[in-house]
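Peer 1: make a model of this:
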Amino acid sequence: MSALLDQKRRARVIRLAVVAVVLWLVVFASGWLAPSGTSSHARLGEPVLPGFAETRREAQRIRFSMADDAYTILRTESGWVMEESGNYPIRPDRLSELATGLENLTLDQKRTSDPYKHDGVGVGDPSEGGNGVLIEVFDAEGAQTASLIAGRKNETIYVRDPDEAQAYRTVGSLPPFYNRRAWLDFNIVEIDQSAIRSVRLTDRFGQSVYLRRPPGSDNRSFRPAPPNETDRLISRLAASTTALAVTRLTALDVKPMDMLTSAPVANHISETFDGLEVNLNAYREPDGLWVTLRAIEAGEGARRAATINRKAEGWAFRLSEYDFQDFTPDIASLVER
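Peer 2: Purely as a prediction, here's the structure:
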């Protein structure tokens, strides 16, 4: 009986010890990220960037600097562009989100003022390897007109002045700022899968095949058509994958077409039932896998082709290996002759 009581006492002591350790860890974590001093302060509710409504009108260049990357958006006569991507246009909605967000962002609670804890709220100095993003705004003369270090935890934005240690939680929102890809306007081709009628493919060996499907058929109805009607289809799935590849086009990056250094390794031409053609050339470059696009459409109302060409003409777009393979399969993997 005594042994049983001793065992129960030991179990109770262990449970209490575990609870104490957990409570200590909670207190420690709370202290690590707790506001410095009281959450109420003289600047509570004030704009993060006072007078930014005027600043945004004069802005000519906005730079985002991180510990391992940096990018710059520029105002040009034709609109805002990404400097590091050969002055490729950025998404207007992202720019609007940024300008409105910086203007309306207000200070909420104080957070840490300890530089060693800045990374805990995402505002570590990027010039010293921290996880914050330094956002700088410059006017036409190159003078800096606004700056802040920003970070995001979940949906909350934290900021601090680059010259001050005090960090603040904010009220408001900003567009994605950790990755320049989020700014690039890659909404280039909008074609529904049901609209694709045929594809003409030329592979790296110079072999070609023409695949077509009848109106109203499903996505696995592509078959060899004249002049390749005697070819035997090997895989309906492989045929539909390459035939519909243009409807899934997803770019990872962009650069001017004249920076390509190699010859095309494949040509892929998609045609819709109502006469839009998208001609894609594929390149294996030292810095990745790239494609160029040109659209052709007959008739006076050829607006879809003009829209595609306005975004794609003169540019090369980098694809993932997976997406690149959809545009460049060997003909021998699709049909037997």
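
Peer 1: CA only for contacts and neighbour counts going forward, please
Peer 2: OK.

Peer 1: you'd agree Gly151 is in a helix?
Peer 2: No. Looking at Gly151 with DSSP: H, G, I helix; E, B strand; the rest coil, it is strand, so not inside a helix.

Peer 1: distance of Thr250 from Val291?
Peer 2: Look at Thr250 and Val291: by Cα to Cα, to the nearest Å, they are 11 Å apart.

Peer 1: would you map the helices across the stretch 201-337 of the chain?
Peer 2: Ranges of helices within the stretch 201-337 of the chain are 236-243, 303-312, 321-327, based on DSSP state H, counting those that start in this stretch.

Peer 1: buried deepest among these, which one?
Peer 2: Comparing these by mean neighbour count (mean count of other Cα atoms under 10 Å), helix 236-243 comes out on top with a mean of 21.

Peer 1: quick one: contacts of that helix?
Peer 2: 196, 198-199, 211, 219-223, 233, 270, 326-329, 333-334 (Cα atoms under 8 Å, 6 or more residues apart in numbering).

Peer 1: nearest to Ser127, of the helices of the stretch 201-337 of the chain?
Peer 2: Nearest to Ser127 among these is helix 321-327 (33.2 Å), distances taken as Cα to Cα.

Peer 1: run the chain-centre distance for the closest one.
Peer 2: 19 Å (Cα atoms, centre = their mean, to the nearest Å).

Peer 1: where does the stretch 201-337 of the chain dip in pLDDT?
Peer 2: 299-301 (pLDDT under 70).

Peer 1: and the strands in it?
Peer 2: In the stretch 201-337 of the chain, the strands defined using DSSP state E, counting those that start in this stretch lie at 208-212, 223-224, 232-233, 253-256, 266-272, 276-285, 288-297, 315-319, 335-336.

Peer 1: rewinding a little: in ChimeraX, how would I select the buried members of the contacts of helix 236-243?
Peer 2: Here is the ChimeraX command that selects the buried residues among the contacts of helix 236-243 (16 or more other Cα atoms under 10 Å):
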select :196,198,199,211,219,221,222,223,233,270,326,327,328,329,334
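
Peer 1: tell me the domain ranges of the protein?
Peer 2: The chain resolves into domains spanning 1-33, 52-180, 193-336 when parsed by automatic domain parsing.

Peer 1: can you put those in CSV and add distance to His41?
Peer 2: Formatted as CSV, the domains of the chain follow (distance: least, Cα to Cα, whole Å):
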stretch, distance to His41
domain 1-33, 17
domain 52-180, 7
domain 193-336, 44
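
Peer 1: out of those domains, flag the one nearest Arg43.
Peer 2: Closest among the domains of the chain, using Cα to Cα: domain 52-180, at 6.9 Å.

Peer 1: burial check on Arg57, number of neighbours?
Peer 2: Residues lying near Arg57 (other Cα atoms under 10 Å) number 10.

Peer 1: ditto for the one 5 residues further on
Peer 2: Around Ile62 there are 19 other residues, counting by other Cα under 10 Å.

Peer 1: so which strand or helix has it?
Peer 2: Assigned by DSSP states H and E, Ile62 falls within strand 61-65.

Peer 1: residues contacting the next helix or strand after that strand, please?
Peer 2: Later in the chain than strand 61-65, the nearest helix or strand by DSSP H and E is strand 70-76. Strand 70-76 has contacts (Cα under 8 Å, 6+ apart) with 59-65, 80-84, 87, 90, 180.

Peer 1: among these, which one sits closest to Ser173?
Peer 2: Among these, Phe64 lies closest to Ser173 (Cα to Cα), at 16.4 Å.

Peer 1: list the residues that contact the closest residue to the closest one other than its chain neighbours.
Peer 2: Excluding the flanking residues, the one nearest Phe64 by Cα to Cα, 6 or more residues apart in numbering is Ile135, at 4.8 Å. Residues near Ile135 by Cα under 8 Å, 6+ apart: Ile62, Arg63, Phe64, Ser65, Ser147, Leu148, Ile149, Ala150.
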